[in-house]
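K.L.:
Show me the folded form of this:
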Amino acid sequence: MLGLDRRHFLRSAALGGGLLAVPGLIAACSGSSDSPSNQPSGKKPIYGGNLRVAMVGGTVTTLDPGLAVAEIESARATNLYDRLVNLNPDMSLQMCLAESMEPNATATVWTARLRPGVRWHDGSPFTADDVIFSFKRMGAPKSVLFGASVMALVDLNGLTKMDSLTVRIPLKKPISEFPVLFTPPQMQITKAGETNFQHPIGTGPFKYVSFTPGQQSVFARNPHYWQPGRPYVDQLTLIDTSDPTARLNALLDSQVDAMDQLSYPQAKVQQSAGNIRVLAAQGSNIVPIYMATDMAPFTDVRVRQAMRLIAGRPQLIETAQDGMGVVGNDLYGRGLPDYDTHIPQREQDIGQAKSLLKAAGMSDLTITLFSSTAAPGMLESATAFAQQARAAGVTINVNNGPAGSYFGTQYLKQNFAQTQWLTAPIYQWIGQAMAPTAPFNETHWHNPQWDSLLAQAEATIDTGKRQEIYYEMQQLLWNEGGYLIWGFYPLLDGLSLNVQGAIPNPANELGNWQFQTWWLSS
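P.N.:
The predicted model follows:
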């Protein structure tokens, strides 16, 4: 898809649609007050200090936000720049550079009204010209920027500057959830005319100081940031540290103030020891098993359902996630708006699984399950599931593929494999995994009834009516789909005891990298 690989989307809240926030849930970007909800410690923030964060390293050697792939690259983009909108921890929208985004009656034209008083790091004002430039840069012919797929939906020639802070955005089809397309960290708005990014100028909470690819980046506090009083720290230093043990040791030795991606065992030990704080964000993050619905033996829905009935979900969570996950029901989006909680929880039923397999002529099924250590708990859950399957007479051979190339050339060609998705609004995920044009349609899902419902949802502005459509779509997936979503796992990061203001957000590690709210206590 436009030069972007699967790993890019795994860590970037994939594109392709998304839910509008329920009225009343839209807030200013990251909030603008220092209320107890924003400052979990209840303490008054202290200004100053250097916030040092150790993160898994990246390979991109540019600070162009549209090319960010790894978490650390997205974190840089998030703190140098701003998006039109962002995501609250409950996946509702935060309005950021846009104060509002409103559709016409048919959701074919959107009007973005921009926040006044925002200035670029060089002191010049942020205007509609910057938004139009950013859109056209993303959507330029042969663009390899992340936003190219979004701009393919926009009539770029019809973009209109209504005034200095208003942009009219015509679309090529109705999209009732259009604003959520701008929540990924690569969808930052860049200054009109900026193309080389050697000394990037953003509107974000921190300003560029230095960048040494593969080692670290140093940013300074933006004293004129549009969120009053923020950020709190004088300097932000992001340090490339790919080894998980090295990251944890650096945190325990006070060489850094925070680290991303604690393993389950690390989190368990540190929670008990109390030497650091564990920042846990429980969302809809999954490492499911998927079955290609157009490839044998999974063309038969009875086989797909049998696999789902084999799964002992609590045991998988205990074995693969050290008991830190939450049971899944074969549907994405638990805890998010428009997730249907009325569908009964699927339980393990070996007898029914055997009956379905017998009816399908698959009583002695032997099959390979492709897995890897590419995501937390992936290989462990595959191994445990293979053991559970023996009770149903199914032999599963687990193929442990190399993590670095697991989402490579064979991805999307396998009939039985595992994958990973992070938390995003439900329809945003649908656009990447289930829609007719989804670039990562792992289950090869093509269902005319479901596609028709999806088109209805895209054109339905009324949130209540759209929710009814989503519920019907989820029921179809529960009955006939190809995902075995056995559980949801938390994002786990480590913080020094003196780090305050960090708010868990399942959209990405380290509270979605909202470092403007973080501060260091004495």
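
K.L.:
just the helices in the protein please.
P.N.:
6-10, 71-80, 128-138, 148-151, 244-252, 264-273, 301-310, 313-321, 350-359, 378-389, 426-433, 448-458, 463-480, 509-512 (DSSP state H).

K.L.:
tell me what the fifth one is packed against?
P.N.:
By that I understand helix 244-252. Packing partners of helix 244-252 (3 or more CB pairs under 8 Å, 6 or more residues apart in numbering; DSSP states H and E): strand 50-55, strand 258-259, helix 264-273, strand 487-495. Where you see a C-beta, it was placed from the backbone N, CA and C, and this is true even at glycine.

K.L.:
Nearest to residue 231, out of these?
P.N.:
Closest approach to residue 231 among the helices and strands packed on helix 244-252 (CB to CB): strand 50-55, 8.7 Å.

K.L.:
can you list the helices of the chain in TSV and add distance to residue 109 and mean neighbour count?
P.N.:
Shown next, in TSV, are those (distance: least, CB to CB, whole Å; neighbours: other CB atoms under 10 Å):
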stretch	distance to residue 109	mean neighbour count
helix 6-10	28	20
helix 71-80	28	27
helix 128-138	14	20
helix 148-151	16	22
helix 244-252	47	18
helix 264-273	47	15
helix 301-310	41	23
helix 313-321	45	20
helix 350-359	49	18
helix 378-389	43	20
helix 426-433	20	26
helix 448-458	15	16
helix 463-480	19	17
helix 509-512	30	26
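
K.L.:
could these be laid out in a markdown table, adding distance to residue 442 and mean pLDDT?
P.N.:
Shown next, in a markdown table, are the helices of the chain (distance: least, CB to CB, whole Å; pLDDT from 0 to 100):
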| stretch | distance to residue 442 | mean pLDDT |
| --- | --- | --- |
| helix 6-10 | 9 | 46 |
| helix 71-80 | 22 | 96 |
| helix 128-138 | 26 | 98 |
| helix 148-151 | 18 | 91 |
| helix 244-252 | 27 | 96 |
| helix 264-273 | 24 | 94 |
| helix 301-310 | 13 | 98 |
| helix 313-321 | 19 | 97 |
| helix 350-359 | 22 | 98 |
| helix 378-389 | 14 | 98 |
| helix 426-433 | 6 | 88 |
| helix 448-458 | 15 | 96 |
| helix 463-480 | 13 | 97 |
| helix 509-512 | 23 | 96 |
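
K.L.:
before we move on, back to that, is it possible to export the helices and strands packed on helix 244-252 to JSON lines including distance to residue 177?
P.N.:
Formatted as JSON lines, those follow (distance: least, CB to CB, whole Å):
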{"stretch": "strand 50-55", "distance to residue 177": "30"}
{"stretch": "strand 258-259", "distance to residue 177": "33"}
{"stretch": "helix 264-273", "distance to residue 177": "34"}
{"stretch": "strand 487-495", "distance to residue 177": "22"}
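
K.L.:
do you know which of those lies nearest residue 441?
P.N.:
strand 487-495 (21.3 Å).

K.L.:
Using CSV, write out every CA atom in that closest one.
P.N.:
Extracted as CSV, the C-alpha positions of strand 487-495 are listed here (Å, rounded to 0.1, in the frame of the first residue of the first chain):
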residue,chain,number,x,y,z
GLY,A,487,-7.7,-12.0,24.7
PHE,A,488,-6.6,-8.4,24.9
TYR,A,489,-3.3,-7.3,26.4
PRO,A,490,-2.1,-4.1,28.1
LEU,A,491,0.7,-1.9,26.9
LEU,A,492,3.3,-1.9,29.7
ASP,A,493,6.0,0.8,30.2
GLY,A,494,8.3,1.7,33.1
LEU,A,495,8.5,5.0,34.9
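
K.L.:
neighbours around residue 369, how many?
P.N.:
22 (other CB atoms under 10 Å).

K.L.:
my bad, should have said residue 521
P.N.:
15.

K.L.:
what's the closest non-adjacent residue to it?
P.N.:
Leaving aside its chain neighbours, residue 521 sits nearest to residue 498 (4.8 Å; criterion: CB to CB, 6 or more residues apart in numbering).

K.L.:
Can you give me the distance of the one you found to residue 431?
P.N.:
41 Å (CB to CB, to the nearest Å).

K.L.:
How is the chain divided into domains?
P.N.:
6-232+496-520, 284-489 (automatic domain parsing).

K.L.:
export the ones you listed to a markdown table and tack on distance to residue 264?
P.N.:
A markdown table is the format used below for the domains of the chain (distance: least, CB to CB, whole Å):
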| stretch | distance to residue 264 |
| --- | --- |
| domain 6-232+496-520 | 15 |
| domain 284-489 | 4 |
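
K.L.:
Show the contacting residues for the closest residue to residue 156 other than its chain neighbours.
P.N.:
The spatially closest residue to residue 156, leaving aside those adjacent along the chain, is residue 139, at 5.1 Å (CB to CB, 6+ apart). Contact partners of residue 139, counting by CB atoms under 8 Å, 6 or more residues apart in numbering, are 147-148, 150-152, 154, 156.

K.L.:
Ok, residue 515 next?
P.N.:
51, 53, 75, 79, 205-206, 231, 233, 236.

K.L.:
wait, which of the helices of the chain is closest to residue 98?
P.N.:
Of all those, it is helix 128-138 that lies closest to residue 98, at 8.5 Å by CB to CB.

K.L.:
circling back: list just the one of the domains of the chain that sits closest to residue 271.
P.N.:
The nearest among the domains of the chain, by CB to CB, is domain 284-489 at 9.6 Å.

K.L.:
Can you give the distance of that closest one from its chain's centre?
P.N.:
18 Å (CA atoms, centre = their mean, to the nearest Å).

K.L.:
can you check stretch 210-220 too?
P.N.:
For stretch 210-220, the distance to the chain centre is 24 Å (CA atoms, centre = their mean).

K.L.:
quick one: average confidence on that stretch?
P.N.:
Average pLDDT, stretch 210-220: 96.

K.L.:
what do you get for stretch 153-160?
P.N.:
Here the average pLDDT along stretch 153-160 is 97.

K.L.:
What residues of it count as buried?
P.N.:
Neighbour-count burial for stretch 153-160 flags 153-154, 156, 159 (criterion: 16 or more other CB atoms under 10 Å).

K.L.:
can you give me the end-to-end distance of that stretch?
P.N.:
End-to-end distance of stretch 153-160 (CA to CA, to the nearest Å): 16 Å.

K.L.:
what's the answer for stretch 126-144, then?
P.N.:
25 Å.

K.L.:
ditto for stretch 287-304
P.N.:
Chord length of stretch 287-304, first to last residue, is 17 Å (CA to CA).

K.L.:
Same check on stretch 421-436?
P.N.:
Using CA to CA, the two ends of stretch 421-436 sit 19 Å apart.

K.L.:
And stretch 311-326, by the same measure?
P.N.:
14 Å.

K.L.:
before we move on, what about stretch 58-77?
P.N.:
End-to-end for stretch 58-77, by CA to CA: 13 Å.

K.L.:
Show the residue spans covered by the strands in the stretch 101-250 of the chain.
P.N.:
Residue ranges of the strands in the stretch 101-250 of the chain, as given by DSSP state E, counting those that start in this stretch, are 109-114, 160-163, 166-170, 206-212, 216-221, 235-240.

K.L.:
check contacts around the nearest residue to residue 434 once chain neighbours are set aside.
P.N.:
Counting by CB to CB, 6+ apart, residue 434 lies nearest to residue 445, which is 5.4 Å off, once chain neighbours are set aside. Counting by CB under 8 Å, 6+ apart, residue 445 makes contact with 293, 434, 481-482.

K.L.:
and if you look at residue 300?
P.N.:
360, 362.
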